[in-house]
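J.: Show me how the following folds:
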Amino acid sequence: MEQELLLKFIEVGAIDLKGDDTKLDKLRSTAKDLSAALRKTPSKTASFTMVAADPNIAPTDPTVEEAMVALRKQWETVANAFSGRPVGILRAILLDAIMQAARTEDAIAVAFVNTARNALAHSETSDEADIWREAVGEIETKVDARAEAEWATPETITIDPLQYSPPVPVSTDYEAPTIDRNGLQVKIHSAASPWATDPKNPFSPQNNPQNWALDFANKMSVAIADVLDEMADEIAPAQVDLSGPLSTLAKAVTAHVDKALSSFSGATAGLQRRTNLLWWKEALYSPSAHASYLDLPPFEASALMALDLHEQVPTYSPASVSAFLREAVRCLNPATGEKSNGEREFASLVLEARTTEFMRPLRALAAQYVTAPVGRGLLLSLIGHPQDSGTIDATTLRALCGVDASKKMRPSEWGTYLFRELQTARATNDRPINRAKKK
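T.: Residues are numbered from 1 along each chain as shown. The predicted structure follows:
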């Protein structure tokens, strides 16, 4: 049974309503309103999640303000109930709203899980750790269930029988031909007798048997041939047009074969996808850059691997795909893992993503996925919309991304972070993507 997250925040003491159920009802109504708004604009999922996951979020953040506006509609005197903006309560409301939406909308579920995995790694939610663990676990299970259904390969493939109805037989009236016996008798008599009416045989069988026999044969063959020709005309079959039935049969067979091939393709898509990913991991070759990842600096390679993997897998992918990427990045130095690759500060990685040539494909895709940054949101907003090429100061970077500028990351952490953001952005993107513009 789905448990209400607002109650859980109250149970752990994260919010205190002094036992006032009336106030709780107001929070519930606010969460319901925000959930409805999120369903209408799924692209807000990342911001909602990142704000809800950060206890140190600025009270002036646009998402905090949006939640406050929604709360005021249900609780007009809320400003008098607290000495300052109740950020803790607003965060709890946001998480409850996300969970309501994620339980019914798969795209929001994907975005929530990927964003939460990134955000929770860089926030201090120890008092709420169990709540978040349960929330992420519930939605991740839901996402994995759908993903596994799309990635699975069934043991057998069932194909429906051929759907074809033969045409109804056409009934025709048929009369067996008959011989005009009297007419034939007259012709035989004329052929045999010199005493018959014309045309008669002019020769006598007694006096001139040779000529009589010749004339008899001529006249008899004509008489018999005429009778047979008349019978042949009567029993000649009527022409039947088979083009219609054959065309219908051909269409039915084509549709049946297409359906069978589609069923086979769909059933083996998961197997083909897994096979391609294993080949990609073993080859360590970038299909987009046409170069080996081993020939690139580790952090450049990990970012490019995140982009390439994102292009290879669908939106609904199991959580294990992120772990797969992490291990693939570690394969760049199989002898020592990532130890020899070192760590780099988050600020320098962001600057590199916003300025260097090799990150151009990522910037192009990010610009199509997300809008320019306004308050807490995806790092892709900064990458895809670099208003300037300078370094972003630590305060701004923390406010927009929720990660400390001095935070150090390994290549696998950097690649996984970018991959999750790409999956989130694609799942909740509200704008059409023009792949032709990607460079």
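J.: the strands in the stretch 251-400 of the chain, which residues?
T.: Taking DSSP state E, counting those that start in this stretch as the criterion, the stretch 251-400 of the chain contains strands spanning 285-286, 291-292, 344-345.
J.: Could I get the contacting residues of Y316?
T.: Contact analysis of Y316 by CB atoms under 8 Å, 6 or more residues apart in numbering lists 106, 110, 143, 146-147, 150. Just so you know, the C-beta spots here come from the backbone N, C-alpha and C atoms, and that holds for glycine as well.
J.: neighbours of the spatially closest residue to it that is not a sequence neighbour, just the number please.
T.: Distances taken as CB to CB, 6 or more residues apart in numbering place A147 nearest to Y316, at 4.7 Å, with adjacent residues excluded. Counted with other CB atoms under 10 Å, residues neighbouring A147 total 23.
J.: Pull out the buried residues from the helix or strand hosting A147.
T.: A147 belongs to helix 129-151 when assigned by DSSP states H and E. By neighbour count, and taking 16 or more other CB atoms under 10 Å as the criterion, the buried residues in helix 129-151 are 131-132, 135-136, 138-140, 142-144, 146-147, 151.
J.: Could you do stretch 37-51 as well?
T.: 38-39, 42-51.
J.: For that stretch, measure first residue to last.
T.: Looking at stretch 37-51, the gap from its leading to its trailing residue is 16 Å under the measure CA to CA, to the nearest Å.
J.: ditto for stretch 230-239
T.: OK, stretch 230-239 end separation, CA to CA: 19 Å.
J.: What of stretch 9-27?
T.: From its first residue to its last, stretch 9-27 covers 12 Å (CA to CA).
J.: got the contact list for the residue nearest to D33 when sequence neighbours are not counted?
T.: Leaving aside its chain neighbours, D33 sits nearest to A70 (5.1 Å; criterion: CB to CB, 6+ apart). Going by CB under 8 Å, 6+ apart, A70 touches 30, 33-34, 37, 93.
J.: can you rerun that using 7 Å?
T.: Under the criterion of CB atoms under 7 Å, 6 or more residues apart in numbering, the contact list for A70 reads 30, 33-34.
J.: Repeat that for R344.
T.: Neighbouring residues of R344 by CB under 7 Å, 6+ apart: 299, 408-409.
J.: Save those as JSON lines, and put in pLDDT, neighbour count and distance to K23 too.
T.: Rendered in JSON lines, the data for the contacts of R344 read as follows (pLDDT from 0 to 100; neighbours: other CB atoms under 10 Å; distance: CB to CB, whole Å):
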{"residue": "F299", "pLDDT": "93", "neighbour count": "22", "distance to K23": "48"}
{"residue": "K408", "pLDDT": "95", "neighbour count": "13", "distance to K23": "42"}
{"residue": "M409", "pLDDT": "95", "neighbour count": "21", "distance to K23": "41"}
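J.: Switch those over to a markdown table; also include distance to D180.
T.: A markdown table is the format used below for the contacts of R344 (distance: CB to CB, whole Å):
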| residue | distance to D180 |
| --- | --- |
| F299 | 105 |
| K408 | 113 |
| M409 | 107 |
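J.: List just the nearest of those residues to E234.
T.: Of all these, F299 has the smallest distance to E234: 93.1 Å, by CB to CB.
J.: Domain parsing of this structure, as residue ranges.
T.: Using automatic domain parsing, the domain parsing of the chain gives 5-151, 181-233, 260-437.
J.: picking that back up, same list (the strands of the stretch 251-400 of the chain) but as CSV, adding distance to L397 and mean pLDDT.
T.: Conversion of the strands of the stretch 251-400 of the chain to CSV gives the following (distance: least, CB to CB, whole Å; pLDDT from 0 to 100):
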stretch, distance to L397, mean pLDDT
strand 285-286, 28, 93
strand 291-292, 30, 92
strand 344-345, 10, 94
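J.: possible to save the ones you listed as TSV with distance to G415?
T.: Conversion of the strands of the stretch 251-400 of the chain to TSV gives the following (distance: least, CB to CB, whole Å):
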stretch	distance to G415
strand 285-286	12
strand 291-292	16
strand 344-345	12
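J.: nearest to E311, of those strands?
T.: Using CB to CB, the strands of the stretch 251-400 of the chain put strand 285-286 closest to E311, at 10.4 Å.
J.: Scan the chain for its longest helix.
T.: Among the elements of type helix in the chain, defined by DSSP state H, the one spanning the most residues is helix 243-283.
J.: Once you drop chain neighbours, what's closest to the residue nearest the centre of the chain?
T.: Central residue check for the chain by CA atoms, centre = their mean: the C-alpha nearest the mean position is that of P314, 6.4 Å away. Here the nearest residue to P314 in space, its sequence neighbours aside, is E150; by CB to CB, 6+ apart that works out to 6.6 Å.
J.: what's the distance between the one you found and T315?
T.: As judged by CB to CB, to the nearest Å, E150 and T315 stand 10 Å apart.
J.: Also G384?
T.: On the measure of CB to CB, G384 and T315 end up 18 Å apart.
J.: try K251
T.: Counting by CB to CB - K251 and T315 are separated by 35 Å.
J.: Equivalent analysis for V186, please.
T.: From V186 to T315 the distance is 93 Å (CB to CB).
J.: So for those two, which residue has more residues nearby?
T.: Looking at V186 and T315 with other CB under 10 Å, you find the greater number of neighbours at T315, namely 19 against 14.
J.: residues touching the residue lying closest to the more buried one once chain neighbours are set aside, list them.
T.: On the basis of CB to CB, 6+ apart, the spatially nearest residue to T315 that is not a chain neighbour turns out to be A427, at 5.0 Å. The contact partners of A427, by CB under 7 Å, 6+ apart, come to 107, 110-111, 315.
J.: which among these gets closest to E421?
T.: Taking CB to CB as the measure, E421 sits nearest to A111 out of those, at 9.8 Å.
J.: what stretches of the stretch 101-250 of the chain score poorly on pLDDT?
T.: By pLDDT under 70, the low-scoring segments of the stretch 101-250 of the chain are 153-157, 164, 170-174, 196-198, 238, 240.
J.: Okay, strands next: where are they in it?
T.: Listed in chain order, the strands found in the stretch 101-250 of the chain under DSSP E, counting those that start in this stretch amount to none.
J.: And the helices in it?
T.: Using DSSP state H, counting those that start in this stretch, the helices of the stretch 101-250 of the chain run over 106-120, 129-151, 181-192, 209-235, 243-283.
J.: Ok, the stretch 301-439 of the chain next?
T.: Assigned by DSSP H, counting those that start in this stretch, the stretch 301-439 of the chain shows helices spanning 320-330, 346-355, 360-369, 379-384, 394-401, 411-427.
J.: Go ahead and confirm E300 touches F358.
T.: Yes: under the criterion of CB atoms under 7 Å, E300 lies in contact with F358, with a separation of 5.4 Å.
J.: What distance do you get for I188 to M220?
T.: In this view, I188 and M220 are 7 Å apart by CB to CB.
J.: What residue, apart from its backbone neighbours, is nearest A223 spatially?
T.: Once chain neighbours are set aside, the closest to A223 by CB to CB, 6+ apart is K187, at 3.7 Å.
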